[in-house]
Structures are given as structure tokens and as C-alpha cells.
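A.B. asks: 3D, please:
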Amino acid sequence: MTSLSKIFRSINTISEAANVKEIAIRNLRPPVSEGMKEELTMEAVLKERELLLNEARQEIELEKSAIAKMRETASSDITAMQEAWQQEKNVLQQQAYDEGFQVGFEEGRNKALADMQDAIQRANDITRISQENAEKYLESQERVILDLAMTTAERILGLKLEEDEDAFLTIVKRGLKEAREMKEVKLYVSSEYFPLLSENRTELAAIFPPDVPFLIFANEDFDSTECTIETNHGRIVVSVDEQLNELKEKLVEILEGGE
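C.D. replies: Numbers count the residues shown, from 1 in each chain. The predicted structure follows:
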């Protein structure tokens, strides 16, 4: 069996050898005698520089080779150390088994596994219960969310109509586009918005082909934003309430789609 102490000594020897290695570059230029005037041409300078670089490269390659060998030796020693430890561990395990400690080891391992499985199950139960409670809460809050959204929409749309009459004109255009395939179209609005729609009759009539009759009537019994479209195929109700109902349907679809 390989001794761990021998392997450690081998690695230390490699480390010490690596620490004392030094790369030296010799001076290739001959010494200049005192009093001698040295004249260097550019060609001589470049030649000397190239010689120095070549020697440095050679030294570096030698050092790389030495380091690679040291690494290979260290890797072999580490592998040997691991094998030696495995052998010693096997011996220790066998000794523990022979002395009766194996029973305690197995019992401890089994208890740890059981505790871990129990903790995982508790975590799963907590996650499942939390998800169920969250889903129940969301379901109970859907109506609250819907009512709040509708109230907000009514308020925003009401303020928009008060501040901008063109908002009502946009609603009417949307309703008229649903009747663009009809052969005859009559628009009934409240007296409050009749002047606005009459002023924009040309724009509204452009929604239909030129041969489709388009008439606008005022109805004194209508509420402020009430509006209906009569065609040769029936009646279309165009009002803020209808827009809000459509919005409500879309909100319900969104809420149901989020389940």
C-alpha cells in the first residue's frame, strides 16, 4: 500500500524545485573597453535585440517543459494519494464493521434519510395548502375585482364624456360600423347630442356605401348618452351602458382565463 507521507514529500520536493528556478538572459554584447567609443548602427541594434529575444524564448520553452513535467508528476502523486486514501478508508471501515460500529452507522443513516423524506413531505404539503388557499382567495375576490373595475370604468368614461364630446362620437361610430352592411340606417340620439352628430353627419355617412340612406333623428325621451341604430334587419343599441356591458364581459373573460 502506498504511503501518504511519501506522496506529500514528493509534492513538497516539486514545489521547492519550482521555487528556486530562475530565468536569466545573458548579455550577448561584448564589453566595451574603457576609452573605446562604441558606435551602434540601427542594424546592429536590431540584430542584438533579436538575439536576446531568441534566447529568452528558448529559456521560456525550457521552463514550460519543466513545469509541465512537474505538473504531470504532481498529478500522478495526487492520484496515488487518492488511491492510498481509499485503501486506508476501506481498512478503517472494515475495522469499524469488525468492532460493531457498522450497526450504529446504518441506523444513523436510515434515520437521516427518514428525517429528510419527512421534511420534504412537510414542505410539499405546505406548498400545496398555500396554493389552494391562494386560489380560494382569488376566487372570492373576483367579484370584488370586477365591481371595482366596472366602477372605475364608469367613472372614467363619464368624466371623458363630460370633458370631450368627441368621445361620444367615437362610441357612435363604433356602433355604426356594425351596421355598415345594411341597406338602410337610421340613427336615434338624445337631444343633447343631436347637434354634435348632425355637425358630423358627413363623416358618419362615409362609413356606409353612397347608395345607403343614412338619417339622424333626435328622441326627447332618450337619456343623455342613449343611442340606437335601426336598420332593415333590426335594432342596435349603442350607449355607454352597452359599452360598459361589453367591457364587463371582457373583464369576466380575463378573470376566468386567469384561473
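
A.B. asks: what ranges do the strands span in the stretch 101-250 of the chain?
C.D. replies: Remark: strands of the stretch 101-250 of the chain, listed N- to C-terminal, are 185-190, 214-219, 227-231, 234-237; assignment by DSSP state E, counting those that start in this stretch.

A.B. asks: and among those, the most buried is which?
C.D. replies: Ranked by mean neighbour count under mean count of other CB atoms under 10 Å, the strands of the stretch 101-250 of the chain are led by strand 185-190, which reaches a mean of 21. C-beta coordinates here come from the backbone N, C-alpha and C atoms, glycine included.

A.B. asks: okay, now the sheet partners of that one, with direction.
C.D. replies: For strand 185-190, the pairing partners within the sheet under DSSP bridges are strand 214-219 (parallel), strand 227-231 (antiparallel).

A.B. asks: related to what we said a few turns ago, minimum distance to residue 198: which of the strands of the stretch 101-250 of the chain has it?
C.D. replies: Shortest distance between residue 198 and the strands of the stretch 101-250 of the chain, using CB to CB, is found for strand 214-219: 5.9 Å.

A.B. asks: name the residues that touch that closest one?
C.D. replies: Contacts of strand 214-219 from elsewhere in the structure, counted by CB atoms under 8 Å, 6 or more residues apart in numbering, are 185-191, 194, 197-198, 201, 204-205, 208, 226.

A.B. asks: about what we covered before: in CSV, list the strands paired with strand 185-190 along with distance to residue 90 and mean pLDDT.
C.D. replies: Compiled in CSV, those are given as follows (distance: least, CB to CB, whole Å; pLDDT from 0 to 100):
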stretch, distance to residue 90, mean pLDDT
strand 214-219, 99, 93
strand 227-231, 92, 89
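
A.B. asks: only alpha carbons, please: show stretch 58-66 as CSV.
C.D. replies: What follows is the C-alpha trace of stretch 58-66 in CSV, where atoms were taken according to Å, rounded to 0.1, in the frame of the first residue of the first chain:
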residue,chain,number,x,y,z
GLN,A,58,14.4,29.3,-25.6
GLU,A,59,14.6,29.8,-21.8
ILE,A,60,10.8,30.1,-21.6
GLU,A,61,10.2,26.9,-23.6
LEU,A,62,12.6,25.0,-21.3
GLU,A,63,10.8,26.4,-18.3
LYS,A,64,7.4,25.4,-19.8
SER,A,65,8.6,21.9,-20.4
ALA,A,66,9.9,21.7,-16.8
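
A.B. asks: residue 236 against residue 187, yeah?
C.D. replies: No. Contact status for residue 236 versus residue 187: not in contact, 9.8 Å apart, counting by CB atoms under 8 Å.

A.B. asks: for those two, list the residues in contact with both.
C.D. replies: Joint contacts of residue 236 and residue 187 (CB under 8 Å, 6+ apart) are 228, 229.

A.B. asks: show me the contacts for residue 178.
C.D. replies: Taking CB under 8 Å, 6+ apart as the contact definition, residue 178 lies against 229, 236.

A.B. asks: can you say which of the strands of the stretch 101-250 of the chain is nearest to residue 72?
C.D. replies: Among the strands of the stretch 101-250 of the chain, strand 234-237 comes nearest to residue 72, with 88.9 Å by CB to CB.

A.B. asks: which neighbours in the sheet does that closest one have, and how are they oriented?
C.D. replies: Looking at strand 234-237 with DSSP bridges, its partner strands are strand 227-231 (antiparallel).

A.B. asks: can you tell me what sits against the partner strand?
C.D. replies: By CB under 8 Å, 6+ apart, the surrounding residues in contact with strand 227-231 are 171-172, 175-176, 178-179, 182-190, 193, 235-239.

A.B. asks: for stretch 181-194, same thing?
C.D. replies: Around stretch 181-194, the neighbours that count as contacts under CB under 8 Å, 6+ apart are 165, 168, 172, 176, 179, 197, 204, 208, 212-220, 222-233.

A.B. asks: who does the closest residue to residue 236 other than its chain neighbours bridge with?
C.D. replies: Spatially, and ignoring its direct neighbours in sequence, residue 236 is nearest to residue 229 (4.2 Å; CB to CB, 6 or more residues apart in numbering). Beta-bridge pairing of residue 229, defined through DSSP bridges, involves residue 187, residue 236.
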